[in-house]
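In: sequence isn't available, so here's the structure alone:
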């Protein structure tokens, strides 16, 4: 073995292989002899580093014995070819160890063992992006098994896979977790089924994040079955999961009956127009859902019309995201008609309906319908219609309605062909608005003169804190510096008012 000391604050570095009296961790790098790892370690060795070794199940078994009987404080190791069998044995040993404080499966990614076990009480933990793999997923699951203090755990982007997902699912039959996010971990359909089964008996978890896990239609169907009987879950994220019309139908059946689910994210799947129609039918009967994300699902005009028709009567949905769905003028007109009678919707994202060539989208006809609706609708406080093949007059018709009633806190008008004339009219809106906090004017034709006009308007504004002017032909760095300075001033002033 080779030893080295890790200096702690206030300690003096001592010679190699000497334990520091003030409690430094002395890490030993284990070597192989005769094909086997040499775990004959001195008593002063309180940390093990095994990154350079490809470990197997036999090594995991030996490590487990060391953790049970030694004073090992830190363990750093690669995942090697350790299978589920070895992972479970090592995880149990880590759970039982009184000395272990950190374990890592990649350099610089130390898992806080005592916090995961609940010995050091924390309510929230984020161990995302730590390269845990299946091995780490199993270890984390075992460590939090009896933790009744931890309420929120983020474990995103760790590649824990199916077995890691199943191990976490088992934990949900007990414990005190209220929020769990295991997005982007490749748990697949089988992992989703495990979560669905475990949550049948769970009365604690309110929020579940399963985004980007390739659960597909069958995994979505399993989650649908879960939600039928679950009255505790209020937020579920199933975005980026390759869910198609079949999965949407299964979820919609449940959605029609659910009274507890308030937030459902189905964005970046492939529901298509058929899936959107199923969701629309469900919304006619649902009374609890408040936030629905359907962005990037290829629902097209037919899907948009189905959702719009449902929201003519639905009184619950307050936030709706339908960006990047290929919605055309017909869909835009239907949404405009819905906004004229809907009194529940507060935020609507219709951005990026045009293609990469700037073609398609709700176009001028759709924007006219939405502008007319804004003259009637007094409840909507956020709308984004950027990148929809609008011209400057169409965009300004939205601005005029927004200025007339001054209800919008957020407005998106990216890629709307706005130039100097439009900038002047928007500047007047900025000067007069008392509620607009975020304005997106990216990718327009606003030049230095237009930017200067906006900067002047900001001098009199007391609400706007975000103004996006990216990808405009603005070359005057001084005017951009002035705009940024005035936005910071408004932001500070707003923060002080909030504090009071």
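Out: Structure's in. What do you need? Please read these numbers as outputs of a predicted model, since none were measured by experiment.

In: what ranges do the helices span in the stretch 201-350 of the chain?
Out: Applying DSSP state H, counting those that start in this stretch to the stretch 201-350 of the chain gives helices spanning 216-229, 245-255, 272-283, 300-310, 329-341.

In: from the contact counts, what lies against the second one?
Out: In this structure, helix 245-255 packs against helix 216-229, helix 272-283, with contacts taken as 3 or more CB pairs under 8 Å, 6 or more residues apart in numbering; DSSP states H and E. Bear in mind the C-beta positions are built from the backbone N, C-alpha and C, glycine included.

In: residue 181 is nearest to which of these?
Out: Among the helices and strands packed on helix 245-255, helix 216-229 comes nearest to residue 181, with 15.0 Å by CB to CB.

In: centre of the chain to that closest one, how far?
Out: 20 Å (CA atoms, centre = their mean, to the nearest Å).

In: ok, back up a step: most packed of the helices and strands packed on helix 245-255?
Out: Each of the helices and strands packed on helix 245-255 was scored by mean neighbour count; the highest is helix 272-283, a mean of 23, by mean count of other CB atoms under 10 Å.

In: now do that helix: everything it contacts.
Out: Outside helix 272-283, the residues that touch it by CB atoms under 8 Å, 6 or more residues apart in numbering are 243-245, 247-249, 251-253, 255-256, 266, 269, 271, 289, 292, 294, 297-300, 302-304, 306-307, 309-311, 314, 317.

In: give me the buried entries from those.
Out: For these, a burial check counting by 16 or more other CB atoms under 10 Å picks out 243-245, 247-249, 251-253, 255, 266, 269, 271, 289, 292, 294, 297-300, 302-304, 306-307, 309-311, 314, 317.

In: check residue 154 and give its pLDDT.
Out: Each residue has a pLDDT score; the one for residue 154 is 98.

In: that one - how many residues pack around it?
Out: 18 (other CB atoms under 10 Å).

In: go on, residue 158?
Out: Residues lying near residue 158 (other CB under 10 Å) number 27.

In: and it, backbone torsions?
Out: Dihedral angles of residue 158 (phi, psi; degrees, to the nearest 10) stand at phi -120, psi 0.

In: just residue 267 next, same as before
Out: phi -70, psi 160.

In: for the one 4 residues further on, same thing?
Out: As for residue 271, its main-chain torsions (degrees, to the nearest 10) stand at phi -60, psi -30.

In: looks like it contacts residue 246 (just checking).
Out: No. In this structure residue 271 lies outside contact range of residue 246 using CB atoms under 8 Å: 9.9 Å.

In: buried residues in the helix of greatest length in the chain, which are they?
Out: For the chain, the helix reaching the highest residue count under DSSP state H is reported as helix 477-499. For helix 477-499, a neighbour-count test (16+ other CB under 10 Å) marks 479-480, 482-483, 486-487, 490 as buried.

In: rewinding a little: got CSV for the helices of the stretch 201-350 of the chain, with mean pLDDT and distance to residue 348 too?
Out: Output for the helices of the stretch 201-350 of the chain, formatted as CSV (pLDDT from 0 to 100; distance: least, CB to CB, whole Å):
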stretch, mean pLDDT, distance to residue 348
helix 216-229, 93, 25
helix 245-255, 96, 19
helix 272-283, 98, 14
helix 300-310, 98, 11
helix 329-341, 97, 8
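
In: for this protein, which spans come out with low pLDDT?
Out: Scanning the chain for pLDDT under 70 picks out 1-25, 27-44, 496-500.

In: if we use 50, what do you get?
Out: Within the chain, the stretches with pLDDT under 50 are 1-23.
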